[in-house]
Each structure stands twice: as C-alpha cells, then as structure tokens.
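Peer 1: can't give you the sequence, but here's the structure:
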C-alpha cells in the first residue's frame, strides 16, 4: 500500500467502473454518473467544495502514464467538475458552477490517492468496500444506536432523540433489554407529541425523558413496548403508516396502559343565546391570542422513511 499526491488531471474516471459497466471513455463515465446519480453527485460536490478537499483517498492504478480510479470515481468526477477539468451534462453543469462560485472554490491541482499495482489486491479492496458486510469482511454500516453515539460525541443532530431518551430511562430503571430496542421502530411509534402525552412522557431540553404520569405507570407501558420490539412482535413495518400505529396504540389502550384519549383540543360547543336564535346571527368571535408567529400546534405528522431531513427542518 502506497499513498501519493497525484495531479488531478492525471486521474482517469474509470470507464469500466463496475457501478455502470463499460462506457467507452472517461467523459462517458462522468456523464453516466451525473445523469444517473445527479442529486447525489451534487450533494457530494457541495461537500467537497465546502471542505476544500477530498477526505477519503481514491484507490488508483498507474496505466499508460495516467492513474485509473478503481474506487472513488464519484469523488474524482466531482473534483474534476468543480475544477473545470471535464464537462458536466445539463442541468448539472450550472449547479456545479454555482457550487464552485459560492464556496470560492480553488481548483485542486493534486489529490492524495492510494496507489496499488497488483490487480488482485485492488479487486480484494473494492470487493470489501462495495459488497456489503460480506460476513464481516466488508464494511459494517452503523445502526441507529451507533449513529446516535457519534452524533452525541461530536455535537451533531441525533436522529432519534426521544427514542434514545426512552432507552436511557429504561436502562437506568433496570430494564435488562434496553440496549436491544430497535430505535427506528420506537421512534416511529412515539415521535408524535399526542402519543407522548398518552404514554405520559416528553423530551426535556437536555435530552432526558420527562414524565407526566407516575414512574410505575410509565415503566409499565414502555417495558411493554420494548418487549414487543425486542421480540419482533412490533416491527418497523407495523408502524410505517398511521393505521398500524393506531392499531398498536389501541392495543395498549385495551390493556389499560395509556392515559385517557387526548381531548384537550376539543372545545365544548356553546349553546346559542335566545338573542342569537332570534337574530339568526352568530356572535363575533375574538381571534385567539398568539404569542408566536407560527401557531404552536401539534400536527401529528407521521413521517415516512427517507424524510428525516424534511422532519428536522419542520421541527426547527
């Protein structure tokens, strides 16, 4: 294994990359990447332009005086596009120019690369990086708990804060399987404020779990939910839509584990007075007092998989 700073214009985006198969030449391969993976290429270009460098060195092999890329073709394509060393199909060409300008991009002249000459070694490396876990030989993707640990460590946004708070609370209370709870499933069930009210929980500003019911009642219902998740009686598939969530909440209610139905937003209709009856007119209603520009209303939105960023923007 050897690392070397290589001139960017000496790097060749592999026209025979396994991601797309034979494309004939480098420019055709770059076109394929943008035409097929456009939004992801733009996101990668934004990150490279913002950072001013490529963090993960591409894997390359020297061939005919150039260096063919075997892993990292998207990174190299984006760096070349930002530096004006290749053309980009529309409509992405204008976006690349805008990204470069808004980040005061200075064209990369060199890029650190991992250089290998043995094709067998190259294929082994590529296989371990792109063929999934491969029984443990490949890269193991972080689960939700690992992602949360990283987010907490570096001060980034935690995807499942209420689920983590419940897990920590159950663990501190002696529940033995707290660290085995599927956070994504738990989050889908309890992320709505109305459901949290019925469970008797809320998220404190410091990320810990607050209670609006007795500790015994809360532990009882949360332990029931945790048991069902760990034992696969409640899976992510069960809570992907509101119907599934409501069915499970109804089950908890039948087992007398919930607070009463939330009726705090239901106002009793006022009977009209005799004067109103005779005049046929309804009394003028005063507009509700608002202390905030945006009403503090719980819309009880059930977010779908892949909408986490949208949800974070909504919550903010």
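Peer 2: Thanks, I have the structure now. Keep in mind that this is a model prediction, so the values were computed, not measured. Numbering: from 1, shown residues only.

Peer 1: Off-centre distance for the helix or strand where residue 33 lies?
Peer 2: Using DSSP states H and E, residue 33 sits in helix 26-51. Its chain's C-alpha centre and that of helix 26-51 lie 20 Å apart, by CA atoms, centre = their mean, to the nearest Å.

Peer 1: Helices of the stretch 151-300 of the chain, start to end?
Peer 2: Using DSSP state H, counting those that start in this stretch, the helices of the stretch 151-300 of the chain run over 161-172, 183-190, 193-199, 215-230, 242-254, 274-279.

Peer 1: Dump those helices into a markdown table; add distance to residue 129 and mean neighbour count as well.
Peer 2: Where you see a C-beta, it was placed from the backbone N, CA and C, and this is true even at glycine. Below are the helices of the stretch 151-300 of the chain laid out as a markdown table (distance: least, CB to CB, whole Å; neighbours: other CB atoms under 10 Å):
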| stretch | distance to residue 129 | mean neighbour count |
| --- | --- | --- |
| helix 161-172 | 30 | 20 |
| helix 183-190 | 25 | 23 |
| helix 193-199 | 40 | 19 |
| helix 215-230 | 32 | 18 |
| helix 242-254 | 36 | 15 |
| helix 274-279 | 74 | 10 |
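
Peer 1: okay, these in TSV with mean pLDDT next?
Peer 2: What follows is those, written out as TSV (pLDDT from 0 to 100):
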stretch	mean pLDDT
helix 161-172	92
helix 183-190	90
helix 193-199	93
helix 215-230	95
helix 242-254	92
helix 274-279	54
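
Peer 1: which one of the ones you listed lies closest to residue 91?
Peer 2: Across the helices of the stretch 151-300 of the chain, residue 91 has its closest neighbour in helix 183-190 (34.2 Å, CB to CB).

Peer 1: Return the list of helices and strands in contact with the closest one.
Peer 2: Applying 3 or more CB pairs under 8 Å, 6 or more residues apart in numbering; DSSP states H and E, we find helix 183-190 packed against helix 144-154, helix 161-172, helix 193-199, helix 215-230, helix 242-254.

Peer 1: before we move on, the earlier item: any chance of CSV for the helices of the stretch 151-300 of the chain, columns distance to residue 119?
Peer 2: Output for the helices of the stretch 151-300 of the chain, formatted as CSV (distance: least, CB to CB, whole Å):
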stretch, distance to residue 119
helix 161-172, 45
helix 183-190, 40
helix 193-199, 56
helix 215-230, 46
helix 242-254, 50
helix 274-279, 88
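
Peer 1: helices and strands of the chain: which one bottoms out on pLDDT?
Peer 2: The helix or strand of the chain with the lowest confidence, counting by mean pLDDT, DSSP states H and E, is helix 274-279 at a mean of 54.

Peer 1: re earlier: looking at the helices of the stretch 151-300 of the chain, spot the one closest to residue 80.
Peer 2: Of the helices of the stretch 151-300 of the chain, nearest to residue 80 by CB to CB is helix 183-190, at 37.1 Å.

Peer 1: Surely residue 301 is in contact with residue 192?
Peer 2: Yes: if you go by CB atoms under 8 Å, residue 301 and residue 192 touch, sitting 7.5 Å apart.

Peer 1: which one of these two has more residues nearby?
Peer 2: Taking neighbours as other CB atoms under 10 Å, residue 301 and residue 192 compare with residue 192 leading, 20 against 14.

Peer 1: any idea how far the more buried one is from residue 224?
Peer 2: 18 Å (CB to CB, to the nearest Å).
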